[in-house]
Structure formats: structure tokens, C-alpha cells
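1. okay, predicted coordinates and the sequence, questions at the end:
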Amino acid sequence: MSSRGMTQAQIEARRRELERKQEESRRRKVKQQTTALAQAIERTQRTLAESGTAAWVQEEITEIMAVVNKAKDTPASGDIDAVFNELNVQQAKLSNLSETSSQRQDASQREQWMAESAVIGLKLELEARLEDIERTEALDQVNTLIRRTKDLSTTVQKGQITGLQQQIAELRQSALEIHEEDMKRAVDETLRREILTALMKTMRDLGFAVGKPTIDKETGGVVMIGRLPSNRSIRFEVNLDGQMEFDMNGFLERKCADHLDEVLGILEANFNIATGPVQHNWKNPDKISKGSKGFPSGGNTRTMGGGQS
């Protein structure tokens, strides 16, 4: 019985030894397969890099190469089976990277084209606004924005499109604000011309000789002076916002007020120009300055303060 037991023990020991050697051999084979696969992946990675394809899938390649390096460092006695399986997964990913790269290149090209088109569209939009703008100052401002779109186009052609939509929105908003201000100023100027035309006709009807309107360089207001044969005069200054200042010379106090009321009454009766409250600043001996404001009916009427001496 004891002899038989010893034989069985020897057999079991031999079995374990054979199994161990078999496992070692298998592991060495898996290691060889792992090494070969890692080398194949490295060759493919170099091909992708040389063709320029890798630039569009750099993140994926970095992850794959991390697994390759791990596989190369793992000995046959280590967790070689898991590493080999993981390496096969990465090989499958690598085989799809060429297509992924092409798709991304196409998407990038579409994004680039859309960015360039957006800048061209903005430039055309700004150029169209030029046709509706009247003032030279506003034209210069919009032309400055158009030059900025040319700089923006150069930047986009270099592939730098980050923040592009915000820049386009800002330029578009600036152009809109310039256009709106220009329209407002144009309306104000039209109203001022109407007021000046009415003033000129009224004073001439009252016997005043009216000179050519001039611009006051300090205030920007339009000045119109009417003189009577007696050399008495009324000076009107009309600002862009419609405020009128009156300066009357050579009139006695009551006569001064009477003449002024007559002028303002005709403006309102004949031209529908309503004035605000008049403030008299009597000057020694017989000169006054008054302020009022008026627009034709339907305009944007605002009451202004008194004039200055």
C-alpha cells in the first residue's frame, strides 16, 4: 500500500511540473504574440504619422501607444493574457483611425468653409449699409468696420476660427448702431432745415433782410441773422436737436417781446412749428436772449430751456 501511494505522489508531482512547463511555454508564446502585435501597431502608427493622418486622431493614437508601451514592459510571467487582449482591442481601434481621420478632415474643412462664408456675408452686409448712410462720419465708421472684416478673413484663412461668431456679432451690432445714429441725425438735420426755412420766410415777410445761414464752429448750430432797415436785428441759432436761441439787438424791451412773439406766432400758425416756454434774459440796454424749441407736428417734440446772452 505504501509503495503504491509513493508512486501516485510522484505522478502528481510530475503532472504539476508538466503543467507548469506547459503554462510557461504558453505564456512565452503569448508574449511573442504580444510583442509582434505591438510592433505591428507601431508600424501602422508610423505610417499614419508620415501620411499626416495622425494629426486628426492624435488623442486616440496617444491612448493606443500607452497600451503598446505597457504590453512591451509586461513580462511573460505577468498579466500577459489581459495585456494581449487589450492590445487586440487597440489594434481594432487603430484599423479605423484612417476613416476617422478623413471624416474629421472633412468636418474641419466644412467648418472652415462656413467660417469663411460667414465673414464674406458680413462684409457684403456692411457694404450694403453704406448705400443707406448719409453722413460722411458714419460712412467712415462703417468703412473702418469693413476693413476689420478683411483682417478677420485673413485670420480665418489661417484656420483661426475660435471666437469668430462673437466677433461677427460685435461688428454687426456696431454697424447697426452707426446706421441707427445716422438715421436719427439725418431726421434731426431735416427738421432743422425745415425750421430754418420757416424762419427765413417768416422774417422776410416781416421786413427783415436775411443773410445766408452759417455754422457756428464752437456750438455746431446754424446761425441766421435778420436785419431791419433801422439796423435792429434778430439772431437765431438752431442746434441739431431743434433748440433755438434768440438774440435781439436794438429793440426796446416791450418792442423786443412783441417782435419775438410775432415771429413765433407766424411760425406756429403758418408752419406748425410750436415753441416751448420762452425765457427772457433782458440785457442792458435793450438786447434779449431767449430759448425755445420746436418741430413740425408729428416730430419728436421736446421742451428746451432758455437761451443765453
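-> On my side now, so go ahead.
2. buried residues in stretch 110-118?
-> 115, 118 (16 or more other C-beta atoms under 10 Å). Yep, even glycine has a C-beta here, placed from its N, CA and C like the rest.
3. list the contacts of that stretch.
-> Outside stretch 110-118, the residues that touch it by C-beta atoms under 8 Å, 6 or more residues apart in numbering are 153, 156-157, 159, 161, 164-165, 168.
4. now do stretch 15-32
-> So stretch 15-32 is contacted by 74-77, 80-81, 84 (C-beta under 8 Å, 6+ apart).
5. ok, of the contacts of stretch 110-118, which come out buried?
-> 153, 156, 161, 164, 168.
6. need those in TSV with distance to residue 224, secondary structure and pLDDT, can you?
-> Shown next, in TSV, are these (distance: C-beta to C-beta, whole Å; DSSP: H, G, I helix; E, B strand; the rest coil; pLDDT from 0 to 100):
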residue	distance to residue 224	secondary structure	pLDDT
153	49	helix	87
156	53	helix	84
161	56	coil	79
164	52	helix	86
168	46	helix	88
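7. quick check, nearest of those to residue 240?
-> residue 168 (32.6 Å; C-beta to C-beta).
8. got the contact list for that closest one?
-> Going by C-beta under 8 Å, 6+ apart, residue 168 touches 118-119, 122, 152.
9. over to residue 208?
-> Per C-beta under 8 Å, 6+ apart, neighbours of residue 208: 226-228, 234.
10. ok, so of the residues you listed, who is nearest residue 8?
-> Once C-beta to C-beta is applied, the member of these that ends up nearest residue 8 is residue 234, at 138.1 Å.
11. so, low pLDDT: which residues of the stretch 201-309 of the chain?
-> 242, 250-309 (pLDDT under 70).
12. give me the subset of the contacts of residue 168 lying in helices.
-> Secondary structure from DSSP state H places 118-119, 122, 152 of the contacts of residue 168 in helices.
13. can I assume residue 237 sits in a strand?
-> Yes - counting by DSSP: H, G, I helix; E, B strand; the rest coil, residue 237 is found in a strand.
14. now the helices: where do they sit in this protein?
-> 2-51, 58-73, 80-95, 97-130, 136-157, 164-205, 253-271.
15. next, format these as a markdown table and append distance to residue 222.
-> Formatted as a markdown table, the helices of the chain follow (distance: least, C-beta to C-beta, whole Å):
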| stretch | distance to residue 222 |
| --- | --- |
| helix 2-51 | 73 |
| helix 58-73 | 68 |
| helix 80-95 | 78 |
| helix 97-130 | 27 |
| helix 136-157 | 17 |
| helix 164-205 | 6 |
| helix 253-271 | 16 |
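16. now render the contacts of residue 208 as a markdown table, adding neighbour count and distance to residue 10.
-> Putting the contacts of residue 208 into a markdown table (neighbours: other C-beta atoms under 10 Å; distance: C-beta to C-beta, whole Å) gives the following:
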| residue | neighbour count | distance to residue 10 |
| --- | --- | --- |
| 226 | 22 | 139 |
| 227 | 18 | 142 |
| 228 | 16 | 146 |
| 234 | 25 | 138 |
